[in-house]
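Chemist: fold the following for me, if possible:
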Amino acid sequence: MRTLKWLGGTVLVLVVLFSLTLLFGLNLLKGPITRAISKATERELVIERLSPVWSWVHPRIRAEGVSFANADWGKADYLLSADAIEASISVLPLFAGRVVLPEVHLQGAELSLEQDAEGRKNWVLKEDPEPKEESRIVIELLTLDAGWLAYADESRDIDLTADLETDADGVNFAVQGKYNGMPLKASGHGGPVLSIRDETTPYPLRSDAKIGETSLKIAGTITGIVGFKAFDLKIEKLCGKSLDDLYHIINVAFPATSPYTTTGRLVRDGKVIRYEKFNARIGESDLAGTLQVDTSGERPMMTADINARVLNIVDLGPLVGTDKPGQKSGVLPDAPFDSSRWGSVNADVKIRAGTIKRPQQLPLQHLNTRIVMRDKVLSLEPLEFGIAGGKLAGTVRLDGRQEPIKSDLRMDVNGLKLAQLFPTIEKSKASVGDVTGTIELAGTGSSVAKMLGSANGKIGVFMDGGEVSKFLMNAVAIDLWGLAKTKLEGDDNVEIRCAIADFGVKDGVMKANAIVFDTKVVNVGGDGTINLKDEQMDLKINPDPKDRSVASLNSPLHIRGTFSEPKVSVDMKRIATKGVGAVAMGIINPLLAILPLLNEGGGKDSNCAALITAATSSDRSAAAGGTGKRPPSKSAR
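Modeler: Below you'll find the predicted structure:
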C-alpha cells in the first residue's frame with residue numbers, strides 16, 4: 001500500500017516524540033497524532049483510546065476504536081476501521097528516517113479498497129508527481145483474530161468481500177462477490193502470520209474457488225505475498241466448460257474446447273510461469289505435457305509441448321469453429337473465431353496425438369501440428385493428419401490483423417489407401433491404390449464456413465493405377481446383368497487405369513474441371529459444381545459400361561441437394577456416353593491441380609498421362625474434322 005513520503009515523515013516525528021515520552025503519558029499524544037494525520041491526509045482519523053502494551057523487545061502501543069475516513073468519492077464509510085490495532089516499533093530505524101513495525105495485530109478490522117472507473121484508488125492519499133521512493137513505513141508481520149476485507153474495481157467489474165478469522169494453525173478466509181462480472185466464491189486457509197516484506201519465506205496456502213464456470217482447488221506456497229513474486233502450487237483440480245473462459249480470469253487467450261479437467265504443478269520463477277507435468281481431460285481426449293508463459297516481453301509468450309495419449313476428433317470441433325450439436329443445420333463449421341483476443345499472447349505450441357477416437361466413417365489415424373501465434377497471425381505449421389493409411393500435410397494461416405480474417409490453406413494429399421477411404425462400405429475393403437493430390441485455398445471470414453464460402457484456389461486428387469471391386473463399378477453403371485452375374489459368380493477386383501477429381505474454386509464455388517474414373521469394366525465421367533457458400537451440390541456422373549449388356553441402363557446419375565442431405569437420382573433418359581472419360585478430358589478446362597503433380601512425377605508412362613494424351617489427340621482430330629468441338633486447353637496439350 002503506497003503512503004506519502006511526507007506523511008511518513010510526520011508519523012516519524014510523532015513516533016520519536018512517543019519514544020521520548022514516558023509510557024504512562026502516551027494517551028496524551030492521541031489528540032496531536034489524530035489532528036496531524038487528519039490535516040496531512042485531508043481524511044479524518046479517529047482513535048478513541050491510545051495506550052502502551054508491555055513488551056520486553058520493542059515498544060508496543062494499542063489503539064482502540066480506530067477509524068480512517070474513505071476518499072470523498074468512495075462508496076464505503078471508512079477506508080479502515082478496527083476495534084483495536086496493536087503495533088510494535090523498532091527504535092533504532094527511527095534515527096535513519098524509517099518506521100519499522102515488526103508486528104501489527106488487528107482486532108475486528110474492516111478494510112475497504114476501491115478503484116473507480118477513472119482509475120482513482122482510495123488507498124492512495126494524494127497523487128505524487130515526484131519519482132516514487134521506497135516507503136519509509138515498513139510492516140514486517142501482520143496478524144489478526146477476525147476481520148473483513150472488501151475490494152471493488154469499477155473498471156474491471158470486480159466487487160469482492162472476504163471474511164477472515166484466525167485459528168490455532170493460521171487464517172481461515174471465505175471470499176464471495178464477482179470478478180470481471182462473473183460470480184466468484186472461494187474459501188481456504190493460510191499460514192498463521194502474513195510476512196508482508198519477506199520475499200524469501202514461502203507462505204502456505206490452500207484454497208477452493210469457483211469463478212463463473214471455472215473451478216479451482218490448489219495447495220502450496222506463495223513467496224513474496226505482495227506481487228506474488230514466486231509460488232509453487234499443486235493444482236489438485238482445475239475444471240470448466242471451455243479453456244477459453246480462462247481469458248476472463250488471467251487475460252491470456254486459450255482456444256475454445258469441450259469441457260475439461262486438469263491437474264499439475266504451477267510454478268512461478270521471476271517472469272516465467274510454468275504448468276509442469278500436467279494431465280488434462282478435454283471431452284474424451286487425454287492430454288499431458290508442460291506449458292510455460294514468459295511475461296517479460298511486450299506480450300506474454302506461451303510455449304508448450306503436448307502429447308495426446310487419446311484424442312477424440314469430436315473435441316476438435318470448438319477449436320476449428322464448430323458449434324455444439326443441434327445448434328446449426330449446415331455441415332461446415334460456422335462458429336466465429338474471436339481474433340480480438342489473439343493480441344493478448346504469442347504462442348508456440350506443439351501437439352502430437354498417436355491414438356484418435358473418431359466416427360467409423362472418418363479414417364483418421366494420428367495428428368501432428370505446431371500452433372504458432374505471432375502478432376495476431378495464427379499458423380498451423382505443419383498440420384499433419386494420418387488418414388486412410390496416408391497423410392494430409394501442409395500449413396494453415398489465419399491473419400487476425402485485418403477484419404474479416406484472411407486465411408490461406410496449403411495441403412498435400414499423399415498415399416491415401418483406397419480401401420481405407422470408405423471404411424463403412426464393405427465392397428471397398430478389397431480395393432487397392434494410392435490417392436495423391438493437393439488443396440490450395442485462400443479466403444476471408446470469421447469462421448471456417450465463411451472462409452470456404454469466399455475461397456479461391458484449386459482442389460484435385462488422382463489415382464494412377466490400382467484395383468476396385470467389380471460389383472461397385474457395375475453398381476455405378478447400373479448394369480443389372482453385371483450385378484447379377486457378379487452376385488452369382490463372386491466378386492473380383494478390376495484394374496483402375498486412372499481416377500481424377502479436379503476442381504477450380506472461385507468465390508466459394510467448386511467447378512469440376514474433370515471427374516474421371518477409368519476401369520476395364522466401366523468408364524465414369526462427370527461434371528458440375530459444389531457451392532461452399534450455401535452447402536449445395538449439383539453433380540452429374542456419366543457411366544459408360546464397356547460391357548454392352550442390354551440390361552445396362554446406361555443412365556447418368558445426378559447428385560444434388562445439401563451437404564447434410566445429398567440426393568442421388570437416375571436420369572431415365574438413356575444417353576450414350578461412349579468414351580466419356582477420354583473425350584471429356586480433351587475438352588475440359590485446364591487441370592489446375594492434377595497436371596503439375598503428373599509432371600512432377602514423371603507421368604509420361606502413367607495411365608493417367610496416357611489417357612489425357614489419348615483424349616487430347618481424339619479431341620484434336622474431332623476439331624480438325626469440323627465436329628464443332630473446341631480445341632483442347634493449353635494445359636491439356
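Chemist: need the helix or strand of this protein with the lowest average pLDDT.
Modeler: When the helices and strands of the chain are scored by mean pLDDT, DSSP states H and E, helix 580-587 comes last with a mean of 45.
Chemist: quick check: beta-bridge partners of L113?
Modeler: Beta-bridge partners recorded for L113 (DSSP bridges): Y151.
Chemist: would you mind listing the residues in contact with it?
Modeler: Going by CB atoms under 8 Å, 6 or more residues apart in numbering, L113 touches L79, K121, N122, W123, L149, A150, Y151, A152. Yep, even glycine has a C-beta here, placed from its N, CA and C like the rest.
Chemist: ok, now with 7 Å
Modeler: If you count contacts by CB atoms under 7 Å, 6 or more residues apart in numbering, L113 has them with N122, W123, A150, Y151.
Chemist: out of the residues you listed, who's nearest A84?
Modeler: A150 (19.9 Å; CB to CB).
Chemist: tell me the SS of P333?
Modeler: Counting by DSSP: H, G, I helix; E, B strand; the rest coil, the backbone at P333 sits in coil.
Chemist: export stretch 368-380 to PDB, keeping only CA atoms.
Modeler: What follows is stretch 368-380 as a C-alpha-only set of coordinates in PDB (Å, rounded to 0.1, in the frame of the first residue of the first chain):
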ATOM      1  CA  ASN A 368       0.900 -33.800 -35.500                       C
ATOM      2  CA  THR A 369       0.900 -30.000 -35.500                       C
ATOM      3  CA  ARG A 370       2.600 -26.900 -34.300                       C
ATOM      4  CA  ILE A 371       0.400 -23.900 -33.500                       C
ATOM      5  CA  VAL A 372       2.300 -20.600 -33.800                       C
ATOM      6  CA  MET A 373       0.800 -17.200 -32.800                       C
ATOM      7  CA  ARG A 374       2.800 -14.000 -33.700                       C
ATOM      8  CA  ASP A 375       1.300 -10.500 -33.600                       C
ATOM      9  CA  LYS A 376      -2.300 -11.800 -34.200                       C
ATOM     10  CA  VAL A 377      -1.300 -14.100 -37.000                       C
ATOM     11  CA  LEU A 378      -2.200 -17.800 -36.200                       C
ATOM     12  CA  SER A 379      -0.400 -20.500 -38.100                       C
ATOM     13  CA  LEU A 380      -0.500 -24.300 -38.100                       C
END
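Chemist: list of residues touching that stretch?
Modeler: 339, 342-343, 345-352, 381-384, 395-401.
Chemist: buried set for the host helix or strand of I541?
Modeler: Per DSSP states H and E: I541 is located in strand 536-545. Within strand 536-545, the residues scored as buried using 16 or more other CB atoms under 10 Å are M537, L539, K540, I541, N542, P543, D544, P545.
Chemist: for it, the distance to its chain's centre please.
Modeler: On the basis of CA atoms, centre = their mean, to the nearest Å, strand 536-545 sits 41 Å off its chain's mean C-alpha point.
Chemist: please apply the same query to stretch 367-383.
Modeler: In terms of CA atoms, centre = their mean, the centre of stretch 367-383 is set 12 Å apart from its chain centre.
Chemist: count the neighbours of I351 for me.
Modeler: 19 (other CB atoms under 10 Å).
Chemist: typo on my end, S81
Modeler: The burial count for S81: 20, using other CB under 10 Å.
Chemist: residues in contact with the residue lying closest to G119 once chain neighbours are set aside?
Modeler: Among residues not flanking G119 along the chain, S155 sits closest, at 6.8 Å (CB to CB, 6 or more residues apart in numbering). Going by CB under 7 Å, 6+ apart, S155 touches Q115, A117, G119.
Chemist: just the buried residues of those residues.
Modeler: For these, buried by 16+ other CB under 10 Å: Q115.
Chemist: closest one to D159 out of the contacts of S155, please.
Modeler: Q115 (11.0 Å).
Chemist: please name the nearest non-neighbouring residue to that closest one.
Modeler: D153 (4.5 Å).
Chemist: again, but for A442
Modeler: That would be D408: by CB to CB, 6+ apart, it lies 5.0 Å from A442.
Chemist: what about that neighbour, neighbour count?
Modeler: Neighbours around D408, by other CB under 10 Å: 17.
Chemist: what distance do you get for it to N312?
Modeler: Applying CB to CB, to the nearest Å, the value for D408 to N312 is 28 Å.
Chemist: what of N180?
Modeler: Remark: distance between N180 and N312 (CB to CB) = 31 Å.
Chemist: neighbour count for the two, which is higher?
Modeler: A direct count of neighbours by other CB under 10 Å for N180 and N312 places N312 higher, at 19 against 15.
Chemist: give me the phi and psi for that one.
Modeler: When read as degrees, to the nearest 10, the backbone of N312 gives phi -90, psi 120.
Chemist: for R43, same thing?
Modeler: Main-chain torsions, R43, degrees, to the nearest 10: phi -140, psi 140.
Chemist: my read is that it contacts D72, right?
Modeler: No. Judged on CB atoms under 7 Å, R43 makes no contact with D72 at a distance of 8.7 Å.
Chemist: so which of the contacts of L113 sits lowest on pLDDT?
Modeler: Model confidence across the contacts of L113 bottoms out at W123, which has 83.
Chemist: on the three-state scheme, it is what?
Modeler: Three-state assignment for W123 (three-state DSSP): coil.
Chemist: count of neighbours near the residue lying closest to S55 once chain neighbours are set aside?
Modeler: Take S55 and drop its neighbours on the chain: the residue closest to it by CB to CB, 6+ apart is S88, 6.1 Å away. Here the count is done by other CB under 10 Å, and S88 has 19 residues near it.
Chemist: again with E199
Modeler: Neighbours of E199 (other CB under 10 Å): 12.
Chemist: and for L591?
Modeler: The local packing of L591 (other CB under 10 Å) involves 26 other residues.
Chemist: from A230, how far out is the closest residue to it other than its chain neighbours?
Modeler: Spatial nearest neighbour of L591, excluding adjacent residues (CB to CB, 6+ apart): D502 at 4.8 Å. For D502, the distance to A230 equals 60 Å [CB to CB].
Chemist: R374 now?
Modeler: Distance from R374 to A230, counting by CB to CB: 29 Å.
Chemist: the two: which has the busier surroundings?
Modeler: Remark: of R374 and A230, A230 carries more neighbours, 16 against 12, as counted by other CB under 10 Å.
Chemist: isn't the more buried one up against R268?
Modeler: Yes. With contact defined as CB under 7 Å, A230 counts as touching R268 (5.4 Å).
Chemist: common neighbours of these two, please.
Modeler: Common neighbours of A230 and R268 (CB under 7 Å, 6+ apart) do not exist.
Chemist: which one's the longest strand in this protein?
Modeler: Secondary structure of the chain per DSSP state E: the longest strand is strand 493-506.
Chemist: so what's the residue count around the residue nearest to Q115?
Modeler: By the criterion of other CB under 10 Å, D153 has 18 neighbours.
Chemist: all strands of the stretch 501-637 of the chain, in order?
Modeler: Ranges of strands within the stretch 501-637 of the chain are 509-519, 522-531, 536-545, 557-562, 566-570, based on DSSP state E, counting those that start in this stretch.
Chemist: output the ones you listed as a markdown table; include the columns mean pLDDT.
Modeler: Converted to a markdown table, the strands of the stretch 501-637 of the chain look like this (pLDDT from 0 to 100):
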| stretch | mean pLDDT |
| --- | --- |
| strand 509-519 | 88 |
| strand 522-531 | 87 |
| strand 536-545 | 85 |
| strand 557-562 | 84 |
| strand 566-570 | 76 |
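Chemist: and among the ones you listed, the most buried is which?
Modeler: Among those, strand 509-519 has the highest mean neighbour count (mean count of other CB atoms under 10 Å), at a mean of 23.
Chemist: other SSEs contacting it?
Modeler: strand 493-506, strand 522-531, helix 580-587 (3 or more CB pairs under 7 Å, 6 or more residues apart in numbering; DSSP states H and E).
Chemist: need the contact list for A501.
Modeler: For A501, the contact set (CB under 7 Å, 6+ apart) comprises G460, V461, I515.
Chemist: what does stretch 276-293 contact?
Modeler: Outside stretch 276-293, the residues touching it (CB under 7 Å, 6+ apart) are 252, 257-265, 267, 272-275, 300-312, 314-315, 357.
Chemist: right, I'll call it a day here.
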